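1. Here is my input, please return the structure:
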Amino acid sequence: MADSTVSQVAPFVNENSMLHIDFLNGQTPVVSSLDVARHFQRRHSHILRDIGRLCSILPKSFNQPNFGRVEIPDVKGEKRPAYLLTRDAFSLLVMGMTGKAAIQWKLRYIEAFNALEAAALDRQAELAREAGYRQGREETLALPAVKKERQAGYLAGMKEGEKLQKGRDQRSFTYWATLWLSECWRVARDGSPLLVFTDWRQLPSLTDAIQAAGWLWRGVVVWQKPSARPMIGEFRREAEFLVYGSKGKPHAHTRHCFPGVFKYAVNTAAKVHITGKPLALLQDLMGIVAEGGTVLDHFLGGGTTAHAALLTGRKCIGVELSPDYAKLSAQRLLEVE
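-> Okay, here's the model as predicted:
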């Protein structure tokens, strides 16, 4: 790091250990030499002296990215020299500090650096996925007329879905879901399985609607998404759920035991629908239906369920309100070998 600004610093505070670690340029976790002096009960001038000694014996190739010289105003408003230290610089600086309190602070800093570095890596992965999505979208727009028509259908379908969702609160969602779940129950054969995707917000309402429609609620299957965005200070929201039910007693067509957790990342660039699911995930879920059986997808969207059904030897009946998505799905399924 050169003598530079700290304008891109985003603070992270661990209330339990009173740590204050920053993100430099939104990527690299750093700690101030002032905080190190305070926590390890050293004079800041002595910390600056020790940093100077380290920098005099370390190569410039190490010093520049790990010791960032800054100026921080003191209580009088006068600017005083300080350093922003990366994990490596911090480790070298406190290596020789001993005592019970020093060991405890070292452990706290290590835990904080670990947490923030993991968050930084996740954020970089998220940015890479977003870049891939943008690139894929631009490439789609640059393709021949048929591909452009697909993209137009995707955008039009998004607008259609947003229009349908406006003004629907939790109770009206439950009532609405009960209506279409009742129709699904009516046309399904006895023993047929039911799987409905949902997130944590609608999970309670959906389980109520399923039972109100006559289905036997049999459990919840977890879809773990390792690509989910981290939530600093909170639990990562890396799961969606499939509410599992059946029309009466389920008809087991196999002795195979299916997993209760499926782990698949979301490939944003490959999606053709705003709520599209990974094709491999849908193929795994098809195991609950006997080969040669018929799957009903009453919200066909981009056609991924139908695609998975055809690839695994099942038939599929799809229902789609949006003409644009219906056309897009039909074109997609015509290409399935």
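2. contacts, neighbours, all on C-alpha from now
-> Will do.
3. Spell out which helix or strand contains the residue most central in space within the chain, please.
-> In the chain, the C-alpha closest to the average C-alpha coordinate belongs to Ala228, at a distance of 1.0 Å (CA atoms, centre = their mean). Here Ala228 is covered by no helix or strand, with elements defined by DSSP states H and E.
4. ok, Ile288 - how many residues close by?
-> 18 (other CA atoms under 10 Å).
5. these two touch, right, it and Pro193?
-> Yes: applying CA atoms under 8 Å, one finds Ile288 in contact with Pro193, separated by 7.2 Å.
6. For the closest residue to Gly219 other than its chain neighbours, give me its contacts.
-> Sequence neighbours aside, Tyr244 is the residue nearest to Gly219 in space, at 5.2 Å (criterion: CA to CA, 6 or more residues apart in numbering). The neighbourhood of Tyr244, defined by CA atoms under 8 Å, 6 or more residues apart in numbering, consists of 193-196, 217-221.
7. what about 7 Å?
-> Shown here is Tyr244, whose contacts under the criterion CA atoms under 7 Å, 6 or more residues apart in numbering are 194-196, 217-221.
8. Dump those into a markdown table; add secondary structure, pLDDT and distance to Val272 as well.
-> As requested, these are arranged in a markdown table below (DSSP: H, G, I helix; E, B strand; the rest coil; pLDDT from 0 to 100; distance: CA to CA, whole Å):
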| residue | secondary structure | pLDDT | distance to Val272 |
| --- | --- | --- | --- |
| Leu194 | strand | 96 | 24 |
| Leu195 | strand | 96 | 21 |
| Val196 | strand | 96 | 19 |
| Trp217 | strand | 96 | 31 |
| Arg218 | strand | 96 | 31 |
| Gly219 | strand | 96 | 29 |
| Val220 | strand | 97 | 26 |
| Val221 | strand | 96 | 24 |
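9. Same list (those) but as a markdown table, adding neighbour count and distance to Gln64.
-> Converted to a markdown table, those look like this (neighbours: other CA atoms under 10 Å; distance: CA to CA, whole Å):
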| residue | neighbour count | distance to Gln64 |
| --- | --- | --- |
| Leu194 | 25 | 59 |
| Leu195 | 17 | 55 |
| Val196 | 17 | 53 |
| Trp217 | 18 | 60 |
| Arg218 | 14 | 59 |
| Gly219 | 12 | 55 |
| Val220 | 19 | 52 |
| Val221 | 20 | 50 |
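10. Measure how buried Thr174 is and give me the count.
-> When neighbours are counted by other CA under 10 Å, Thr174 comes out with 20.
11. Just checking the distance from the strand or helix carrying it to the centre of its chain.
-> With secondary structure defined by DSSP H and E, Thr174 is part of helix 170-187. Using CA atoms, centre = their mean, to the nearest Å, we find the averaged C-alpha position of helix 170-187 to lie 29 Å away from the chain's own average C-alpha position.
12. Just want the phi and psi numbers for the nearest residue to Phe90 once chain neighbours are set aside.
-> Setting aside the residues directly before and after it, Phe90 is nearest to Val31 in space (CA to CA, 6+ apart), at 7.7 Å. Backbone torsions for Val31, taken as degrees, to the nearest 10, come to phi -130, psi 150.
13. Tell me the spacing between Val31 and Arg53.
-> Distance of Val31 to Arg53, given as CA to CA, to the nearest Å: 19 Å.
14. These two - which one has more neighbours?
-> Neighbour totals were compared for Val31 and Arg53, and Val31 leads with 23 against 12 (other CA under 10 Å).
15. Quick check, pLDDT for the more buried one.
-> With respect to pLDDT, Val31 has a value of 85.
16. Then the one 4 residues further on?
-> In the predicted model, Asp35 carries a pLDDT score of 85.
17. May I ask which helix or strand encompasses it?
-> Counting by DSSP H and E, the secondary-structure element that holds Asp35 is helix 33-39.
18. immediately after that helix, which helix or strand?
-> helix 44-57.
19. Need the residues that contact that following helix.
-> Counting by CA under 7 Å, 6+ apart, 33-34, 37, 63, 93 sit against helix 44-57.
20. Report the buried residues of it.
-> For helix 44-57, the neighbour count (16 or more other CA atoms under 10 Å) marks 44, 47-48, 51, 54-55 as buried.
21. Pipe these into TSV and attach distance to Leu300 per row.
-> What follows is the buried residues of helix 44-57, written out as TSV (distance: CA to CA, whole Å):
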residue	distance to Leu300
His44	64
Ile47	63
Leu48	64
Ile51	62
Leu54	63
Cys55	62
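22. still on that earlier bit, unless I'm mixing things up, the residue nearest to the centre of the chain is touching Glu238, no?
-> Yes: in this structure Ala228 lies within contact range of Glu238 using CA atoms under 7 Å: 4.9 Å.
23. can you give me the strands for this protein?
-> Taking DSSP state E to define them, one finds strands in the chain at 10-14, 19-24, 28-32, 67-73, 79-85, 193-198, 216-224, 239-246, 261-263, 294-297, 315-318.
24. which stretches of the stretch 51-200 of the chain have low pLDDT?
-> Segments of the stretch 51-200 of the chain classed as low confidence (criterion: pLDDT under 70) are 116-168.
25. Much appreciated, bye for now.
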